[in-house]
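J.: Give me coordinates for this.
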Amino acid sequence: DNIRAIQMVTILIFAVIVAAVVLAVLRARNLTVPITHLADASGKLARGDFSVRVDIQTNDELQLLGEVFNQVGPRLRDRQKIKQSLELARQIQQHFLPMENIELNHFQVAGTCRYCDETGGDYYDLIDLRDDTPGRIGLVLGDVSGHGIPAAMLMISTGSILRNNASRHGDHLAAAVSELNRHLVKNSGPEKFMTLFYGLLDDEKKTLAWTSAGHDPAVWYHARTGEFSELGNT
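T.: Numbers count the residues shown, from 1 in each chain. Reported below is the predicted structural model:
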C-alpha cells in the first residue's frame, strides 16, 4: 500500500509539473504573439504605413498597449498633413518676398529673411518704382504680431496692398501707409496687428525719406566709420 501511495503521489506531482509547464508555454505564447504583432506593426508604422492596426484580445496590459498603438497612426497621419500644409505655406510666403537684389547707380539694395518657424510675420520688401520715377526704390520692413499661418496671411495681404498702391502714392509715404492701415483694419480681426517701416530711396538724389507705423527705428550702419545711427520715429 505504501508503494502504491508513493506511486500515486509521484504521478500526481508529475501531472502537476506537466500542467505547470503547459500553462507556462501557453502563457508565454500569449505574451510573445501580441508582442510580435506589435513589433511588426511598429516597423510598418516607422515606414510610413499610418493605416496599420493590431488586434490584441488578452484582457490585460498588452491589450491596453495595443489600443494605444492603434491611436498613433491616425495622429501621425494628421501631423504629416499639417507638416505638408506648413511647408506649402512656407513656399508661398517665400515667393512673396523679393527674389532678386537691385543694382542702382549709387546703391546696391538687398535683403533676406530667415524664419524661426515654417511661416511667420516678419516681412520685408523691395518695391521697384523706377518705371514711374528713375532711381526710386521702396524699402519696407514689417512685423506682424504672432507666428504661424495667420501671421503669414496678414503679411502677404500687407505686401500685396502696398505693392499695388506704392506707385500711385509716389512721394506721399504717409498716404500710402494710411491707406494700407485702412485695409488692414477693415479686413483683419482686432487681435492681429503689425508695425511697418516704409522708406523711399532716391538713387539720383542720394536721399532716403521714410515713415514709420509703430516700428522700431531702422538702423543705419556707417561703413566708413563703423558707427551706427537710428532713423528716428515721430
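
J.: Burial check on the closest residue to N70 other than its chain neighbours, number of neighbours?
T.: Distances taken as C-beta to C-beta, 6 or more residues apart in numbering put R53 closest to N70, at 5.1 Å, once the chain neighbours are dropped. In short, each C-beta sits where N, CA and C put it, glycine included. Residues lying near R53 (other C-beta atoms under 10 Å) number 13.

J.: Am I right that R53 sits in a strand?
T.: No. With DSSP: H, G, I helix; E, B strand; the rest coil as the criterion, R53 is coil rather than part of a strand.

J.: do you know how far the residue lying closest to Q108 once chain neighbours are set aside is from R114?
T.: Once flanking residues are discounted, Q108 sits nearest to N101: 6.6 Å by C-beta to C-beta, 6+ apart. Using C-beta to C-beta, to the nearest Å, N101 is found at 16 Å from R114.

J.: and those two? which has more neighbours close in?
T.: N101 (11 against 6).

J.: show me where this structure has helices.
T.: Ranges of helices within the chain are 2-46, 61-96, 148-169, 173-187, based on DSSP state H.

J.: Which of the helices and strands in the chain ranks last by mean pLDDT?
T.: When the helices and strands of the chain are scored by mean pLDDT, DSSP states H and E, helix 2-46 comes last with a mean of 59.

J.: Was I right to think E230 contacts W220?
T.: Yes. Using C-beta atoms under 8 Å, E230 is in contact with W220, at 7.2 Å.

J.: picking that back up, could you pull up the contacting residues of the residue nearest to N70?
T.: 41, 70, 73 (C-beta atoms under 8 Å, 6 or more residues apart in numbering).

J.: mind checking how far it is from D40?
T.: Applying C-beta to C-beta to R53 and D40 gives a distance of 11 Å.

J.: which intervals of this protein have sub-threshold pLDDT?
T.: 1-31, 33-34, 85-86, 89-93, 115-120 (pLDDT under 70).
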